[in-house]
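Chemist: sequence unknown, structure follows:
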């Protein structure tokens with residue numbers, strides 16, 4: 001054996017040994033901390049006595065903060081003045097701006113998660129506005145975490161629920177509720193239709209149609225309404241009044257017989273019905289179907305609250321209010337010819353505030369970049385699907401033009417991974433789709449038997465597809481071929497985004513034995529889309545890595 005070859009082998013063995021030795025240490029190394037914005041609330045205070053409503057709302061926020069501060073709040077807090085409380089990983093800070101033109105009060109509370117170490121929740125609340133105008137309320141919920149696979153079922157913080165009760169919150173001149181609103185009369189149903197088509201509407205409306213048999217909603221509407229209070233409206237429509245929606249919008253844009261529909265902003269009687277997600281009663285009645293619907297609606301409300309509001313206009317952030325407060329204070333001190341020491345201290349505080357604001361803006365920009373990348377992925381997925389369907393349509397048109405039968409022979413199974421995505425797009429463009437992430441994974445994976453993956457996808461596009469649509473047997477632990485099973489993900493279920501919507505990836509095709517070798521261990525994680533009757537694959541062909549694995 002030549003010396004260079006021996007040296008190369010020794011280096012490879014040394015690298016492997018070092019990797020194995022450092023693996024336990026790497027698991028203990030701190031991961032990058034990410035700030036993730038969960039939701040935003042934008043509303044106005046109800047009531048005609050603006051001063052009383054403002055004070056009541058601020059006191060409700062302080063009552064909530066008191067339970068998280070770690071110690072009693074100072075007297076300055078209850079006097080609605082500037083204050084700061086720092087106790088063992090917790091912080092509670094209040095900033096007030098009051099002059100002839102502006103009356104703003106802001107609160108930021110940071111407290112660690114009760115169950116997950118290293119996860120810190122930050123709640124920002126700003127109450128007030130221009131002097132003489134109706135007071136505005138904005139709230140942001142942000143989490144700081146090192147978790148690589150962070151998922152949460154979004155829920156508005158307690159202050160929102162407290163302020164809805166007293167002094168009351170409104171949005172678009174309509175009162176906000178933390179409980180579902182039930183339509184009582186035909187006039188109520190017509191008013192709901194008017195509100196759905198209102199071009200000034202900003203909040204999603206989750207319309208729950210009562211079933212015709214027992215009249216009880218198929219989902220937990222109380223839980224849903226409480227979780228999305230201030231983010232969306234939850235409305236129950238009795239079965240005998242759902243015809244009003246159908247008459248107004250047609251059956252493809254309506255909801256009836258136990259179904260649930262999420263009407264987004266901009267809805268109209270001519271809008272694309274698939275943009276407003278529909279959950280059918282048959283799917284809600286399946287095991288886990290109702291809870292999955294509630295999870296999806298909660299995630300949708302939180303996501304829309306961020307995408308449909310503008311930071312700095314609809315919702316204020318605490319950093320900007322803090323910086324503005326210190327700028328005003330510096331100006332006042334300069335005008336009063338305050339001592340240099342006091343001016344210097346104020347200037348240092350202003351610089352620190354600006355630095356923190358820049359840091360938070362950088363994180364905000366990172367979030368926007370992630371949203372742009374997600375939008376690009378959605379656009380690429382839609383373009384790919386359109387190209388595949390167009391190719392199929394032209395095939396059928398050519399066969400009809402020649403007077404022959406439509407082509408029934410499928411393309412041969414792929415023999416190389418480089419052939420896989422083209423084969424899938426050509427063969428099952430309307431039945432089995434790949435998310436952008438899955439498409440990237442299929443370029444050059446370690447798993448060796450690409451034809452085995454293709455055979456599993458054939459089963460998904462034929463047997464599984466037919467059973468989903470027409471029935472004909474359970475899909476649980478079905479043997480696709482020797483050693484390959486189709487089964488629910490169970491505890492490995494996770495959430496993913498597809499075309500701007502959140503779905504639970506709850507099924508997978510897998511090797512039956514406990515094989516971990518990535519060259520032989522097969523996993524195809526997928527979910528079923530009811531509206532389009534399509535199987536969407538989110539991860540393949542290897543075992544999915546999680547924070548646990």
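Modeler: In hand now; what should we look at? Worth saying up front: this structure is predicted, and the values here are computed from it rather than measured.

Chemist: In the chain, where is pLDDT below threshold?
Modeler: 1-31, 328-410, 546-549 (pLDDT under 70).

Chemist: Between the two ends of stretch 479-491, how far is it?
Modeler: 21 Å (C-alpha to C-alpha, to the nearest Å).

Chemist: Distance of residue 156 relative to residue 512?
Modeler: As defined by C-beta to C-beta, to the nearest Å, residue 156 lies at a distance of 44 Å from residue 512. For glycine as for every other residue, the C-beta is placed from the backbone atoms N, C-alpha and C.

Chemist: most centrally placed residue in this protein?
Modeler: Nearest to the geometric centre of the chain sits residue 299, at 4.3 Å (C-alpha atoms, centre = their mean).

Chemist: That one contacts residue 500, correct?
Modeler: No - assessed by C-beta atoms under 8 Å, residue 299 is found out of contact with residue 500, at 11.4 Å.

Chemist: Mind telling me what element the residue nearest to the centre of the chain is part of?
Modeler: helix 289-307 (DSSP states H and E).

Chemist: what do you get for residue 163?
Modeler: Here residue 163 is assigned to helix 158-165, by DSSP H and E.

Chemist: Quick check: neighbours of the host helix or strand of residue 502 in the sheet, parallel or antiparallel?
Modeler: Using DSSP H and E, residue 502 sits in strand 501-505. If you go by DSSP bridges, strand 501-505 pairs up with strand 494-498 (antiparallel).

Chemist: List the contacts of the partner strand.
Modeler: 149, 151, 295, 299, 374, 381, 435, 437, 502-505, 527, 529, 536, 538, 544, 546 (C-beta atoms under 8 Å, 6 or more residues apart in numbering).

Chemist: Repeat that for stretch 244-252.
Modeler: 186, 189-190, 192-193, 196, 207, 237, 254-256, 269, 273.

Chemist: what does stretch 207-215 give?
Modeler: So stretch 207-215 is contacted by 180, 192, 196, 216-219, 221, 234-239, 242, 245, 255-261, 263, 281 (C-beta under 8 Å, 6+ apart).

Chemist: now those residues: which count as buried?
Modeler: When the contacts of stretch 207-215 are checked for burial by 16 or more other C-beta atoms under 10 Å, the buried set is 180, 192, 196, 217-219, 221, 234-239, 242, 245, 255-256, 258-261, 263, 281.

Chemist: Quick check: phi and psi on the residue nearest to residue 421 when sequence neighbours are not counted?
Modeler: Nearest residue to residue 421 in three dimensions, chain neighbours excluded: residue 442, at 5.7 Å (C-beta to C-beta, 6 or more residues apart in numbering). Backbone torsions for residue 442, taken as degrees, to the nearest 10, come to phi -80, psi 0.

Chemist: got it, and residue 474?
Modeler: phi -70, psi 150.

Chemist: Next, the contact list for it, please.
Modeler: Contacts of residue 474 (C-beta under 8 Å, 6+ apart): none.

Chemist: In contact with the residue nearest to the centre of the chain, which residues?
Modeler: For residue 299, the contact set (C-beta under 8 Å, 6+ apart) comprises 153-154, 495, 502.

Chemist: With residue 136 instead?
Modeler: For residue 136, the contacting residues are 42-45, 126-129, by C-beta under 8 Å, 6+ apart.

Chemist: Just put the residues you listed in CSV and tack on secondary structure.
Modeler: Putting the contacts of residue 136 into CSV (DSSP: H, G, I helix; E, B strand; the rest coil) gives the following:
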residue, secondary structure
42, strand
43, strand
44, strand
45, strand
126, strand
127, strand
128, strand
129, strand
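
Chemist: Going by distance to residue 160, which of those wins?
Modeler: Nearest to residue 160 among the contacts of residue 136: residue 43, at 8.3 Å, using C-beta to C-beta.

Chemist: What is the burial count for the closest residue to that closest one other than its chain neighbours?
Modeler: Once flanking residues are discounted, residue 43 sits nearest to residue 169: 4.3 Å by C-beta to C-beta, 6+ apart. Applying other C-beta atoms under 10 Å, we find 24 residues neighbouring residue 169.

Chemist: Can you pull out the residues in contact with the helix or strand where residue 454 lies?
Modeler: If you go by DSSP H and E, residue 454 is part of helix 450-459. For helix 450-459, the surrounding residues in contact (C-beta under 8 Å, 6+ apart) are 413-417, 419-420, 423-424, 428, 432, 447, 480-481, 484, 486, 509, 522, 524, 537, 540-541.

Chemist: what's around residue 223, how many residues?
Modeler: Residue 223: 16 neighbours (other C-beta under 10 Å).

Chemist: The nearest residue to it once chain neighbours are set aside: what's it in contact with?
Modeler: In this structure, residue 223 finds its nearest non-sequential neighbour in residue 294, 6.3 Å apart by C-beta to C-beta, 6+ apart. Taking C-beta under 8 Å, 6+ apart as the criterion, residue 294 is in contact with 219-220, 223-224, 227.

Chemist: From those, which land in strands?
Modeler: Using DSSP state E, no member of those sits in strands.

Chemist: burial of residue 153, as a residue count?
Modeler: So residue 153, with other C-beta under 10 Å, has 13 neighbours.

Chemist: hang on, I meant residue 185
Modeler: Count around residue 185 with other C-beta under 10 Å applied: 11.

Chemist: buried ones in stretch 90-110?
Modeler: 90-97, 103-110.

Chemist: and which of those residues is nearest to residue 83?
Modeler: So of the buried residues of stretch 90-110, ranked by how close each gets to residue 83 (C-beta to C-beta), first place is residue 94, at 4.8 Å.

Chemist: Report the separation between residue 60 and residue 45.
Modeler: 11 Å.

Chemist: shared neighbours of those two, anything?
Modeler: Contacts common to residue 60 and residue 45, judged by C-beta under 8 Å, 6+ apart, are residue 163.

Chemist: How about the secondary structure of residue 54?
Modeler: Following three-state DSSP, we place residue 54 in the helix state.

Chemist: Show the contacting residues for the closest residue to it other than its chain neighbours.
Modeler: Closest residue to residue 54 apart from its sequence neighbours, by C-beta to C-beta, 6+ apart: residue 135 at 4.6 Å. Residue 135 makes contacts with 44-45, 50, 53-54, 57, 103, 127-129, as judged by C-beta under 8 Å, 6+ apart.
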